[in-house]
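Asks: My questions are about this predicted structure, shown below with the sequence.
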Amino acid sequence: MRKSLHNRGFLPGFGMTMGYTIIYLSLLVLIPLSVLFLKASTMSWEQFIGTIMDTRVLASIRVSIMTSFFAACLNAVFGVLVAWVLVRYQFAGKRIIDGIVDLPFALPTAVGGIALTSIYAENGWIGQYLAEWGIKVAYTPIGIWVALTFIGLPFVVRTVQPVLQDWDLQMEEAAATLGATRWNTFWRVVLPHLLPAIITGFALAFARALGEYGSVVFISGNMPLKTEIVPLLIMTKLEQFDYAGATAIATVMLVISFVMLLVINYLQWKINKFDAAR
Amino acid sequence: MAAAMAGCSAAAPAETGKGAGGSNTTVELLNVSYDPTREFYQDINKEFASEWQQKTGQTVTIKQSHGGSGKQSRSVIDGLEADVVTLALAYDIDAIAEHGLIPADWQKKRSKNSSPYTSTIVFLVRKGNPKQIKDWDDLIKPGISVITPNPKTSGGARWNYLAAWGYALKTNGGDEAKAQEFVAQLFKNVPVLDSGARGSTTTFVERGMGDVLIAWENEAYLAVNELGKDKFEIVNPSVSILAEPPVTLVDKYADKHKTREVAEAYLQFLYTKKGQELAAKHYYRPRSQEVLKAHKPAFPDIQLFTIDELFGGWTKAQKTHFADQGVFDQLYKP
């Protein structure tokens, strides 16, 4: 990789494309986000800490991170399963199933939220049966978890799928001839190879879930300290025309997400190195 | 004072008509409003446009924008060039005024607190009123589940909250501590806080949650008419708040677009007989006593107090009750 940078003569237009990349990123990401920091910096340090350390804000950060994390975990497991089925098996309607995976991307999330709520509410299709077991989904953290799993679903599937597609079946055949069970083959041969893609998918689903608003407000019930998510609290501040307070919370979330993405990237890099060394 | 204002405003459209008619044949207005007024303003716009055309020969098209009241107000502050705003609460217009787009005394410029139509807060219960909910006191009984949106995110919910507070004040001889206790008790019976009024209506009507929905009168009528007279009924409490959704000109943008005259005429149209009739048709309480009388069965007598009487206006109420660490944050600890 590093070598190709030095040999830029082989690839024409490096200067231009790099310049374009930086301008593009600046206009769309860096400048808007730095405005966040600027707005937040209109507060004094005490005000900032006061806003952030408020019990409700802390509770909502906890709710947001926990539910996003569990949603991404669920997607990491079942996303691999879906990708596996889509790549490895032939069956009628495969194309349709493949298309369905992308629906959460295409749908306005509020529509998804309303649909999920109507299904999982206590008088809903699925909710009424769960209610018999004493499980409440809508208006509890479980509901948030469901909504966040819904919007994060395509990420793991779509990152794992191409890796599985390129995967050389001979590796599995070799493992089998060496006497490994199918489970062993999956666990020791296939999974380690998929891990970087799974982690990427996990990170994407996790980051997406942290910022999700539309689908969650309907299903969560928005109870302070219990089912209030960070984006809702930001909306609450804006509703009071408290721009600085809103951006302060947003900034904190941004930093948390960024740190997590860095950690995940680092993990991935380690795994890649480990994988290459083997 | 009000009469003098009404008098001069009635004259205004006729005068401007002569001037404006000749030069420009079309004019466009943007009315930035809140969620439930969409159908109402569609009617108003049609009527006003034809009246304006007759008077001046000018064709006026009015564009509408709807959304949460606070969000709409922020859009105007951030540069959505509305000629007029027609929002759910004065606080949201005060915020626009604070940013210098509207003079601070905007609410005194048009009669009746700048709100040509009003509403109040009532209860929606399930058909037959199985829990026998008659008045505010019934909402704090144990086992009653009350649906209302979050006052921190919904302008409509702030009216609900203040209505309950006002009732408790009135029935406890103005005792603030008792009122706070009452409202805290009420919110203990709230299982879900939706972010907006429509969300709460959905929770109550579609999800079947709760025994009673606290709602604006016009929203309650809409719910009953559209979702089934056989399923819900409206209960009128003995005391409630007079909700005064205000309207005003956004001076800065109206001057920029040179639409001040037609925009002012548009707002004054809301006070005319026709405007009042349309308000009543959409279940907003008309200000005109005559029109109100004609629609009497729809608007039963409820003892109504105003926010100025009991809370000293919106800005003060907002600061005391709904700001962070305000009364609502203190009393609402689930």
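Replies: Great, that's in hand. Here the structure is a predicted model, which is why all the values come from computation and not from measurement.
Asks: Centroid-nearest residue for the chain?
Replies: Assuming you mean chain A. Nearest residue to the geometric centre of chain A (CA atoms, centre = their mean): residue A:205, 1.4 Å.
Asks: Sorry, I should have been clearer: chain B.
Replies: Geometric centre of chain B, nearest residue: residue B:245, 3.3 Å, by CA atoms, centre = their mean.
Asks: before we move on, what SS does that residue have?
Replies: State at residue B:245, reduced to three classes by DSSP: H, G, I helix; E, B strand; the rest coil: coil.
Asks: Over to residue B:60?
Replies: Look at residue B:60: counting by three-state DSSP, its state is strand.
Asks: List the contacts of it.
Replies: Applying CB atoms under 8 Å, 6 or more residues apart in numbering or on different chains to residue B:60 gives the contacts B:26-29, B:48-49, B:52-53, B:262, B:266. (Each C-beta comes from the backbone N, C-alpha and C, glycine too.)
Asks: Mind giving me the ChimeraX command for buried ones among those residues?
Replies: To isolate the buried ones among the contacts of residue B:60 in ChimeraX, judged by 16 or more other CB atoms under 10 Å in any protein chain shown, type:
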select /B:27,29,48,49,52,262,266
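Asks: wait, which of the contacts of residue B:60 is closest to chain A?
Replies: Of all these, residue B:29 has the smallest distance to chain A: 25.3 Å, by CB to the nearest CB.
Asks: What's the first helix or strand after the worst-scoring helix or strand of chain B on mean pLDDT?
Replies: Lowest by mean pLDDT, DSSP states H and E among the helices and strands of chain B is helix B:2-23, with a mean of 41. Using DSSP states H and E, the helix or strand that follows helix B:2-23 in sequence is strand B:26-33.
Asks: Any part of that following strand near chain A?
Replies: No. Judged by CB under 8 Å from any CB of the partner chain, strand B:26-33 and chain A are separated, with a smallest distance of 15.9 Å.
Asks: Which residues does that strand contact?
Replies: Against strand B:26-33 from outside (CB under 8 Å, 6+ apart): B:20, B:41, B:45, B:58-66, B:72, B:75-76, B:80-87, B:253, B:257, B:259, B:262-263, B:266.
Asks: Mark which of those residues are buried, thanks.
Replies: Counted by 16+ other CB under 10 Å, the contacts of strand B:26-33 give B:20, B:41, B:45, B:58, B:60, B:62, B:64-66, B:72, B:75-76, B:80, B:82-87, B:253, B:257, B:259, B:262-263, B:266 as buried.
Asks: Give the buried residues for the helix or strand where the residue nearest to the centre of chain A lies.
Replies: Under the criterion of DSSP H and E, residue A:205 resides in helix A:191-210. By neighbour count on 16+ other CB under 10 Å, the buried set for helix A:191-210 is A:194-210.
Asks: Which elements pack onto whatever helix or strand comes next after it?
Replies: The C-terminal neighbour of helix A:191-210 among helices and strands, as given by DSSP H and E, is helix A:214-220. Taking 3 or more CB pairs under 8 Å, 6 or more residues apart in numbering or on different chains; DSSP states H and E as contact, the helices and strands that helix A:214-220 lies on are helix A:109-120, helix A:141-166, helix A:230-239.
Asks: Show me the one of the ones you listed that comes nearest chain B.
Replies: helix A:230-239 (4.3 Å).
Asks: Would stretch B:122-133 count as contacting chain A?
Replies: No. Taking CB under 8 Å from any CB as the criterion, stretch B:122-133 and chain A are apart, separated by no less than 12.8 Å.
Asks: neighbouring contacts of that stretch?
Replies: Residues outside stretch B:122-133 that contact it (CB under 8 Å, 6+ apart) are B:138-139, B:144, B:204, B:211-217, B:220, B:223-224, B:230-237, B:240, B:302.
Asks: redo that, cut-off 7 Å
Replies: B:139, B:144, B:204, B:211-215, B:217, B:220, B:223, B:230-237, B:240 (CB atoms under 7 Å, 6 or more residues apart in numbering or on different chains).
Asks: Could you list which of the residues you listed belong to helices?
Replies: B:139, B:204, B:217, B:220, B:223 (DSSP state H).
Asks: Enumerate the residues of chain A near chain B.
Replies: Within reach of chain B by CB under 7 Å from any CB of the partner chain, chain A has these residues: A:117-118, A:121, A:123, A:139, A:217-218, A:221-226, A:232, A:235-236, A:238-241.
Asks: What subset of these is buried?
Replies: Buried subset of those (neighbour count, 16+ other CB under 10 Å): A:117-118, A:121, A:139, A:217-218, A:221-224, A:232, A:235-236, A:238-241.
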